[in-house]
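Engineer: sequence first, then the predicted structure:
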Amino acid sequence: MDIQIRRMSKEDIPGVVEIEQLCFSEPWTAADYNESLLLPYAAYYVAVSGNVILGMCGVRKICGEGQISNVAVKPAFQGQGIARRLLSALLSDSRREGVQAFTLEVRSGNARAIALYEGLGFRTEGVRPHFYTKPDEDALIQWLRF
């Protein structure tokens, strides 16, 4: 399958919202993405095959640091390296723009995501108790510093 990684556009929002609903207990809405795409310090990426959105991720870049959010891949396409490719593009582009450290939160029980992030060099530096709801779960605070 031919998969392209590119910056998200407004036309991608319906496909991205579908993935949010499949992957998250508290998904972002189309309005959330419409607002976020207008932020000059934010960048969102999609993985696309043909006209189908397979995954997405985002970053907000402030003062040389990047806050990564919304990393998700459609369940039918998970485990194929799509999230790694998305994050690699995000990290590479952001570093070229001067970002030297990245942070994210991940559910403490999400072993696959933790393994992905650690494989990219992220390390757990803290915990946010009861950060997530539906279900209640702690968040691990991970950092990648260059």
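Structural biologist: In hand now; what should we look at? Numbers count the residues shown, from 1 in each chain.

Engineer: could you list the low-pLDDT ranges of the chain?
Structural biologist: Across the chain, nothing is flagged by pLDDT under 70.

Engineer: could you pull out the helices for the protein?
Structural biologist: Applying DSSP state H to the chain gives helices spanning 13-23, 30-37, 82-96, 111-119.

Engineer: which residue is the nearest non-sequential neighbour of residue 33?
Structural biologist: Using CB to CB, 6 or more residues apart in numbering and skipping residues adjacent in sequence, the residue nearest residue 33 is residue 13, 4.8 Å away. The way it works is simple: take the backbone N, C-alpha and C, and place the C-beta from them, glycine included.

Engineer: so what's the one you found up against?
Structural biologist: Residue 13 makes contact with 30, 33, 34, 37 under the criterion CB atoms under 8 Å, 6 or more residues apart in numbering.

Engineer: of those, buried ones?
Structural biologist: The neighbour count (16 or more other CB atoms under 10 Å) marks 33, 37 as buried among the contacts of residue 13.

Engineer: nearest to residue 115, of the contacts of residue 13?
Structural biologist: Nearest to residue 115, judged by CB to CB, of the contacts of residue 13 is residue 33 at 27.2 Å.

Engineer: I figured that closest one was touching residue 18, is that so?
Structural biologist: No. Look at residue 33 against residue 18 with CB atoms under 8 Å: they stay out of range, at 11.6 Å.
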